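Trainee: Predicted structure and sequence below. I'll ask about it afterward.
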Amino acid sequence: MRCISCENLSWKIICKTCQKNLLTPSFNKRELEKDFFVYSFYGYEEVKKLLNTKYEFYGDKIFNILGKLAFKKFALNFEFDKLLTAIPIDDHTRHQFSQSAILTKHLKSKYIKPKYTTLKATNIIKYAGKDLKFRQKNKRKFKYSGKSNLKIILVDDLVTSGLTILEAKKVLEKNGCEVIFALTLSDAKF
């Protein structure tokens, strides 16, 4: 097999050298609304090719590597005074896998408990390549089926305008949850 980044022979889909040299996460913080932040690990241009593998049969392997490099490292160094619940945004499988669920899996720690299939979009329209006006007009219309009174970390693969995260946050708050912050793999403005 060849590394999809450098094309050298490798046992992994992304070789250890590329994981170390090209995929070292940096931490970015963006305020989406007053006192509510989304934290990301990569700029969009850094991982654009890798993010687009969510449409490929091998994308789950890529997202597992990225999850280990960024989300797992975050979880190992994160402390909080209460247990937080990590909820992936819209983690059903439109493709062969759910990238947000894979990333959420890597957050499991003493302070973070992943919870799956509780926040679903009822409008499955695709946002890829669409402008802000289109996104504002075509909301995801999330439905939450989980417990109330949870402190939550929202998880997604990419933040662009932030509309999806803010819509998910509102739905969770209407259901009695407190969203502490959001985590994404990449930020399109970073």
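Mentor: On my side now, so go ahead.

Trainee: looking at the chain, which helix or strand is least sure?
Mentor: helix 132-137 (a mean of 78; mean pLDDT, DSSP states H and E).

Trainee: can you give me the offset of it from its chain's centre?
Mentor: The chain centroid and the centroid of helix 132-137 are separated by 21 Å under CA atoms, centre = their mean, to the nearest Å.

Trainee: now do stretch 177-190
Mentor: On the basis of CA atoms, centre = their mean, stretch 177-190 sits 7 Å off its chain's mean C-alpha point.

Trainee: Spatially central, which residue of this structure would that be?
Mentor: Of all residues in the chain, the one closest to the mean position by CA atoms, centre = their mean is Asp156, 2.4 Å from it.

Trainee: Now do the helices in the protein.
Mentor: With helices called from DSSP state H, the chain shows them at 16-21, 44-51, 59-66, 73-77, 99-105, 132-137, 163-174.

Trainee: returning to what we had before: any idea how far the residue nearest to the centre of the chain is from Asp81?
Mentor: 25 Å (CB to CB, to the nearest Å). (C-beta placed from N, C-alpha, C; glycine too.)

Trainee: Could you do Phe142 as well?
Mentor: 28 Å.

Trainee: neighbour count winner among the two?
Mentor: Phe142 (21 against 7; other CB atoms under 10 Å).

Trainee: Relative to Thr24, how far out is the more buried one?
Mentor: Using CB to CB, Phe142 is found at 33 Å from Thr24.

Trainee: got it, and Leu69?
Mentor: Distance check for Leu69 against Thr24: by CB to CB, it reads 8 Å.
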